[in-house]
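Peer 1: could you work out the structure for the sequence below:
(4 chains)
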Protein chains: 2
Amino acid sequence: MRQITLKDIASKLNISVTAVSKALKGYSDVSKSTRDSVIAMAEELHYTPNSVAVNLRTQQTKTIGIIIPSIVHQFFSKVLSGIIEEAEKKGYLVFTLQSNESIALEKKQIDLLLNKRVDGILMSLATENNDISHLQKVIDNKTPLVLFDKISKIINCSKVVIDDRESAYNAVTHLIKSGCKKISHFRGPLNPQNSIDRYLGYRKALEDNQIKYDPSLVYTCEAVTFEEGYEFAKKLYGQHKDIDGIFAVADLVAVGAIAYFNEIGVKIPNQISIIGFSNWFIGSVISPSLSTVDQPGYKMGKKALKLLFKEMNPKKKGEEFIPKTIVLPTEIIKRNSTLN
Amino acid sequence: MRQITLKDIASKLNISVTAVSKALKGYSDVSKSTRDSVIAMAEELHYTPNSVAVNLRTQQTKTIGIIIPSIVHQFFSKVLSGIIEEAEKKGYLVFTLQSNESIALEKKQIDLLLNKRVDGILMSLATENNDISHLQKVIDNKTPLVLFDKISKIINCSKVVIDDRESAYNAVTHLIKSGCKKISHFRGPLNPQNSIDRYLGYRKALEDNQIKYDPSLVYTCEAVTFEEGYEFAKKLYGQHKDIDGIFAVADLVAVGAIAYFNEIGVKIPNQISIIGFSNWFIGSVISPSLSTVDQPGYKMGKKALKLLFKEMNPKKKGEEFIPKTIVLPTEIIKRNSTLN
DNA sequence: CTGAAAGCGCTTACAG
DNA sequence: CTGAAAGCGCTTACAG
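Peer 2: All right, here's what the predicted structure looks like:
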């Protein structure tokens, strides 16, 4: 079955394609009788407009692209879901791509999206990120671009982030306020800005509370996994029996640490308090439940999309657009892995 | 900056658009010198083909749509990721939509995808599923359709599933073999085929092992949550102190039950063995770790897409296509919530 | 109020 | 080997 076109309706009704198009779009310069008969016929034939043709003609696709490092990842899937729902409300559909933390893939995917003439692109960057030529390409191409969560400071475009430094600061301060004196940090990889910022927040909190920074208490995750948390906890406790607090760069890592301490019978939070980052579901169902920093993924997705839309209009008209950065607030979630 | 078109290249080179198009597509009836100069010029101008125009002309969009009940859900996000990667390899991009378990939304989303003239649709259905008119619409429209995981038996299209009945049978048999005599089932909602099938597998396993079915040991989840698992465990244990096995319709529910028993000091697996379904990450990191049925989400996504591609060719040529159902094998993952 | 015409950016059958 | 022409299905400026 070939799809029904305007032409089909026009010839059935013996009128012009122009009239059919106008009638269907509710233009005022069409007689009521024409309009009614067109609408009736369209219904009868189950006409659905071919948006490919519309896109070509109107030079916009009502489509946006999103590239995230990974889909099977609670935070990103929340962001994704926020974006998709918000887009749908405005009649936009979303192409989803995952970079698997590879810049090479990111580059290819950007080309794919540009080929598809998406009206905008949303991205959270791969970790190994020093090269931003592909992002510059998007900007040079005048396609609106918004970065979220894992961003690059050196690219001039709109961004939606949380304040990782301050959030980490608050998390560590919570540990200190609840009595911790010797606090370890299981940090993220060396490159990504947000793991750097969380580390800096950790140091600042120590400093502001007159606790001396001790590099031997800092462990660096490569993959940010449960296993790393487990291993680091083991090493840390082997060397520092008097450790009484851990701030982990991510909930998964914190959960790994909890698993180790549960195993060897170290009491959490009485002997050691642990706080994570992100507020993944898993933290709420383990025992003890995990205190953490709530990172508003769903909201971040919605905000990022709104920012993108704001950028789309000026760009279409060729006007200048000034990039904007939105910082979303976070919140400490106190559960049972920290005191009081 | 306007996008570069074939026409731009043609006029720069003083040749026809036809020649440019052919050169770029590597047609043999173009002289080497023309081809070379076209390719050089395309590169110089950073030409990227406008796929909207290509799509309109070739009547295929190299695009597929996927509708799942929820994105923030480990199983579905795995399927999604399998689909997206497989699609990308073949040069296809994927529109992702979530139905939030609403048939009304499913209907709208199908219309959106049909408007976009996607080359195929992949779906896992909303739970409240009695109405399949929208699926029939896709089929009538000759758009290839493949259902996975949450399918409808009454629609005639290709499907990728696991054998829920047999998998559940194996799970319960594992409990029995490890010594359980009084086994409860926390089942899924009454409608979806897979929760029905898992329930039937449970009954069959009891029957084959001469254990009398006792309806008072069956609890029905509405939302399939951690909380339900916790509550049901409490109720169950209140009424049946001698219960020694639980088969939960999903890992989350099983984890809720484990949390309750941990809390009141009932030993798992010694006093009560618990097995879940799906093999979510969470089951591997709680204590005791959860025995479960591995449901191959990533693989399911890949298979579903392959099936869709197989269907696309015959349909394009107007040939008949015979729907096919693929049943993927599952595997019992033995961890520490069951004996031996 | 109506419709012929141009054009969005491609591809491809056809003629030379 | 090359290019003029038609056409995919729309929208819209323009003439009547």
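
Peer 1: other SSEs contacting the one helix or strand A:Arg203 maps to?
Peer 2: A:Arg203 belongs to helix A:193-208 when assigned by DSSP states H and E. Judged by 3 or more C-beta pairs under 8 Å, 6 or more residues apart in numbering or on different chains; DSSP states H and E, the packing partners of helix A:193-208 are helix A:164-177, strand A:183-187. The C-beta positions use only the backbone N, C-alpha and C, and glycine is treated the same way.

Peer 1: now the helix or strand that that helix is followed by: average pLDDT?
Peer 2: Going down the chain from helix A:193-208, the next helix or strand is strand A:218-220, by DSSP H and E. Across strand A:218-220, pLDDT averages out at 98.

Peer 1: which positions within the helix or strand following strand A:218-220 qualify as buried?
Peer 2: As assigned by DSSP H and E, the chain's next helix or strand after strand A:218-220 is helix A:226-239. For helix A:226-239, the neighbour count (16 or more other C-beta atoms under 10 Å in any protein chain shown) marks A:226, A:228-234, A:236-237 as buried.

Peer 1: pipe these into JSON lines and attach distance to chain B and pLDDT per row.
Peer 2: JSON lines is the format used below for the buried residues of helix A:226-239 (distance: C-beta to the nearest C-beta, whole Å; pLDDT from 0 to 100):
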{"residue": "A:Phe226", "distance to chain B": "5", "pLDDT": "95"}
{"residue": "A:Glu228", "distance to chain B": "13", "pLDDT": "97"}
{"residue": "A:Gly229", "distance to chain B": "10", "pLDDT": "97"}
{"residue": "A:Tyr230", "distance to chain B": "9", "pLDDT": "97"}
{"residue": "A:Glu231", "distance to chain B": "14", "pLDDT": "97"}
{"residue": "A:Phe232", "distance to chain B": "15", "pLDDT": "98"}
{"residue": "A:Ala233", "distance to chain B": "13", "pLDDT": "98"}
{"residue": "A:Lys234", "distance to chain B": "16", "pLDDT": "98"}
{"residue": "A:Leu236", "distance to chain B": "19", "pLDDT": "97"}
{"residue": "A:Tyr237", "distance to chain B": "18", "pLDDT": "97"}
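
Peer 1: for these, which one is nearest A:Phe321?
Peer 2: Looking at the buried residues of helix A:226-239 and their distance to A:Phe321, the nearest is A:Glu228, at 41.1 Å (C-beta to C-beta).

Peer 1: which residues touch the closest residue to that closest one other than its chain neighbours?
Peer 2: Once flanking residues are discounted, A:Glu228 sits nearest to A:Cys221: 4.7 Å by C-beta to C-beta, 6 or more residues apart in numbering or on different chains. Residues near A:Cys221 by C-beta atoms under 8 Å, 6 or more residues apart in numbering or on different chains: A:186-189, A:228-229, A:232, A:249-250, A:253.

Peer 1: buried only: go through those residues for me.
Peer 2: A:186-188, A:228-229, A:232, A:249-250, A:253.

Peer 1: can you list the domains in chain A?
Peer 2: A:6-49, A:59-162+A:297-329, A:164-295 (automatic domain parsing).

Peer 1: chain center to the shortest one, what's the gap?
Peer 2: It stands for domain A:6-49. 43 Å (C-alpha atoms, centre = their mean, to the nearest Å).

Peer 1: ok, the residue of the stretch 101-250 of chain A found nearest chain B to DNA strand D distance?
Peer 2: Using C-beta to the nearest C-beta, the closest approach of the stretch 101-250 of chain A to chain B is made by A:Asn115 at 4.8 Å. According to C-beta to the nearest atom of the strand, to the nearest Å, A:Asn115 and DNA strand D sit 17 Å apart.

Peer 1: ok, A:Glu88 next?
Peer 2: 20 Å.

Peer 1: tell me which strands and helices the helix or strand hosting that residue is in contact with?
Peer 2: For A:Glu88, the element it lies in under DSSP H and E is helix A:74-89. When contacts are defined as 3+ C-beta pairs under 8 Å, 6+ apart, helix A:74-89 packs onto strand A:63-68, strand A:93-98, helix A:297-316, strand B:93-98.

Peer 1: only the C-alpha atoms, please, for the third one, written as PDB.
Peer 2: Coordinates of the C-alpha atoms in helix A:297-316 are reproduced here as PDB (Å, rounded to 0.1, in the frame of the first residue of the first chain):
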ATOM      1  CA  GLY A 297      19.000  13.900  36.200                       C
ATOM      2  CA  TYR A 298      15.500  14.100  35.000                       C
ATOM      3  CA  LYS A 299      15.400  17.800  35.700                       C
ATOM      4  CA  MET A 300      18.800  18.300  34.000                       C
ATOM      5  CA  GLY A 301      17.400  16.700  30.800                       C
ATOM      6  CA  LYS A 302      14.400  19.000  30.800                       C
ATOM      7  CA  LYS A 303      16.500  22.100  31.400                       C
ATOM      8  CA  ALA A 304      19.000  21.200  28.700                       C
ATOM      9  CA  LEU A 305      16.200  20.800  26.200                       C
ATOM     10  CA  LYS A 306      14.600  24.100  27.100                       C
ATOM     11  CA  LEU A 307      18.000  25.800  26.700                       C
ATOM     12  CA  LEU A 308      18.300  24.100  23.300                       C
ATOM     13  CA  PHE A 309      15.000  25.400  22.200                       C
ATOM     14  CA  LYS A 310      15.800  28.900  23.200                       C
ATOM     15  CA  GLU A 311      18.800  28.700  21.000                       C
ATOM     16  CA  MET A 312      17.000  27.300  18.000                       C
ATOM     17  CA  ASN A 313      14.900  30.400  17.200                       C
ATOM     18  CA  PRO A 314      17.600  33.000  17.100                       C
ATOM     19  CA  LYS A 315      19.900  30.700  15.100                       C
ATOM     20  CA  LYS A 316      17.200  30.100  12.500                       C
END
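
Peer 1: contacts for that helix next, please.
Peer 2: Helix A:297-316 has contacts (C-beta under 8 Å, 6+ apart) with A:60, A:64, A:74-87, A:90, A:119-120, A:122, A:142-146, A:148-149, A:158, A:160, A:162, A:320-321, A:324, A:326, A:328.

Peer 1: state the mean pLDDT of that helix.
Peer 2: Across helix A:297-316, the average pLDDT comes to 89.

Peer 1: what's downstream of that helix, the next helix or strand?
Peer 2: Toward the C-terminus from helix A:297-316 - assigned by DSSP H and E - lies strand A:325-328.

Peer 1: let's see that next one as PDB, backbone CA atoms only.
Peer 2: Coordinates of each C-alpha in strand A:325-328 appear next as PDB, following Å, rounded to 0.1, in the frame of the first residue of the first chain:
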ATOM      1  CA  THR A 325      25.200  28.000  31.700                       C
ATOM      2  CA  ILE A 326      22.600  26.800  34.100                       C
ATOM      3  CA  VAL A 327      23.700  25.400  37.400                       C
ATOM      4  CA  LEU A 328      21.200  23.100  39.100                       C
END
